[in-house]
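1. starting from these lines, generate the structure:
(one chain, ligands or ions: 1)
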Amino acid sequence: MKPADIRTRAVHAGREDLADLGVHAAPIDLSTTYPSRDSRAEALRLDGFGSGEWDGGLPVYGRVSNPTVERFERALADLEGLPAAVSFASGMAAISAALLAVLSGGRRHVVAIRPLYGTTDHLLGSGLLGTEVSWADPEGVRRALRPDTGLVFVETPANPTLAEVDLADIAAQAGDVPLLVDNTFATPVLQQPARQGAAMVLHSATKFLGGHGDVMGGVIACGDEQAALLRRIRFATGGVLHPLAGYLLLRGLSTLPLRIGAASATAAVLADRLREHPGVRAVHYPGHQQGRPSDQMASGGALVAFEVDGDPHRVISAVRLITPAVSLGSVDTLIQHPASISHQIVDPEQRRACGISDRLLRLSVGLEAPDDLWSDLDQALDQALDQAGNAAAG
Ligand SMILES: *Cc1c(COP(=O)(O)O)cnc(C)c1O
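-> A predicted model of the protein is given here:
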């Protein structure tokens with residue numbers, strides 16, 4: 001019997017065989033190669049790997065498969081409610097593999113909704129891998145489809161504005177074209193896009209899945225056929241997840257529901273207090289936006305975006321407890337200025353057009369006490385406001 005509650009599955013998925021193995025922690029297998037005395041049998045298996053089929057037998061070579069990494073993949077697939085998952089060295093390696101999969105299917109057109117993570121925007125917009133993008137509004141996805149469209153790509157909530165799109169509606173517009181959802185911000189704890197019809201669910205595992213700011217990885221949960229293609233691409237291009245990263249990500253998953261629950265509760269408190277601060281013009285927090293699909297996300301999540309009146313750079317330099325750094329999803333709270341850091345690479349005009357104002361700050365809430373975080377934010381916002389006031393007076 002499979003337990004339904006995600007808190008239970010987060011602790012047990014990928015570890016089903018441990019008691020029978022007589023171990024408690026998942027074994028870490030660092031082997032790059034695996035001995036075999038039967039080369040004829042290996043040859044047959046390698047034929048299979050070349051086409052992305054993995055027979056689940058003994059490993060052969062570290063770029064083909066790794067038992068520790070496979071535990072993480074099984075667990076993440078379970079949490080996302082999809083048959084399989086394929087992991088990569090980083091979120092961008094996963095996104096690259098998804099685009100190469102489009103190309104290998106003989107298509108090259110991708111429909112995407114802005115905003116997206118800055119480097120994803122860059123990879124799609126630059127056509128670096130040979131794909132071509134059409135940027136669509138959430139209502140205009142169907143109109144943007146072409147006969148050679150191989151993928152619809154969305155993030156919800158989006159990095160960094162936390163704008164939400166209605167996934168069931170996007171999936172309906174996409175029709176037969178696979179919908180890929182970057183679920184990095186919500187995590188499977190708050191949202192499982194497969195329920196709304198996403199064919200592929202992607203994570204920068206570097207963020208909440210690892211959860212402690214000390215491991216990079218990416219992963220795509222999907223159907224078995226798509227997984228075979230992604231494994232084949234990974235096998236041929238080499239962007240594999242390191243086994244130690246696989247171990248840390250599996251361990252991270254076990255506390256994911258607790259971490260997301262605590263951080264989201266604090267984020268909701270901070271969003272309310274930010275709304276009251278005289279130095280804050282606007283707060284963007286999921287659930288407070290109009291037109292939010294009500295059953296899509298279980299809570300507002302652990303990120304808050306807000307626009308300040310004063311100099312946003314001043315806020316970044318004034319925080320003392322909060323870590324002034326890019327990235328998100330760690331146990332400590334991080335703040336960054338998207339226009340100059342995470343989305344610096346996006347054309348400034350396009351950036352502003354999709355809601356990334358130069359005054360926007362993005363806060364990734366961690367596990368500290370809400371009052372301590374608020375004291376720090378409050379004094380940093382006051383400093384920025386004072387400076388703005390002095391500048392106006394002088
Ligand atoms: C960070 C991030 C990525 C890229 O992931 P890396 O692990 O840094 O390569 C992709 N999408 C979103 C939403 C992100 O926040």
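2. only C-alpha atoms for contact and neighbour calcs from this point on.
-> Will do.
3. relative to the ligand, which residue of the stretch 201-350 of the chain is the closest?
-> S204 (4.2 Å; Cα to the nearest ligand atom).
4. which residues does that residue bridge with?
-> Beta-bridge partners of S204, counted by DSSP bridges, are G218.
5. who's in contact with it?
-> Counting by Cα atoms under 8 Å, 6 or more residues apart in numbering, S204 makes contact with 90-92, 184, 216-219.
6. and those, which of them are buried?
-> Buried members of these, counted by 16 or more other Cα atoms under 10 Å: 90-92, 184, 216-219.
7. kindly reformat these as CSV containing distance to the ligand and pLDDT.
-> As requested, the buried ones among the contacts of S204 are exported to CSV (distance: Cα to the nearest ligand atom, whole Å; pLDDT from 0 to 100):
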residue, distance to the ligand, pLDDT
S90, 4, 98
G91, 3, 98
M92, 4, 98
T184, 5, 98
M216, 6, 98
G217, 5, 98
G218, 6, 98
V219, 9, 98
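8. give me the spatial nearest neighbour of the residue with the shortest distance to the centre of the chain, chain neighbours excluded.
-> Nearest to the geometric centre of the chain sits T184, at 2.1 Å (Cα atoms, centre = their mean). Spatial nearest neighbour of T184, chain neighbours left out: H203 (4.6 Å); criterion: Cα to Cα, 6 or more residues apart in numbering.
9. how many neighbours does G238 have?
-> By other Cα atoms under 10 Å, 16 other residues sit near G238.
10. return the set of residues that bridge with the closest residue in space to E132 that isn't next to it in sequence.
-> Using Cα to Cα, 6+ apart and skipping the chain neighbours, the partner closest in space to E132 is H109 (4.9 Å). Applying DSSP bridges to H109 gives these bridge partners: E132, T149.
11. residues contacting H109?
-> Each residue near H109 by Cα under 8 Å, 6+ apart is listed here: 131-134, 146, 148-151.
12. could you do E70 as well?
-> E70 makes contacts with 14, 246, as judged by Cα under 8 Å, 6+ apart.
13. run the last query once more with 10 Å
-> Going by Cα atoms under 10 Å, 6 or more residues apart in numbering, E70 touches 14, 56, 76, 85-87, 243, 246-247, 250.
14. give me the buried entries from those residues.
-> 14, 76, 85-87, 243, 246-247, 250.
15. does the helix or strand hosting D272 reach the ligand?
-> D272 belongs to helix 243-276 when assigned by DSSP states H and E. No: interface with the ligand: helix 243-276 contributes nothing (Cα under 6 Å from any ligand atom), its closest point being 11.9 Å away.
16. for the stretch 51-200 of the chain, which residues are neighbours of the ligand?
-> Residues of the stretch 51-200 of the chain lying near the ligand (Cα under 6 Å from any ligand atom): 90-92, 117, 159, 182, 184.
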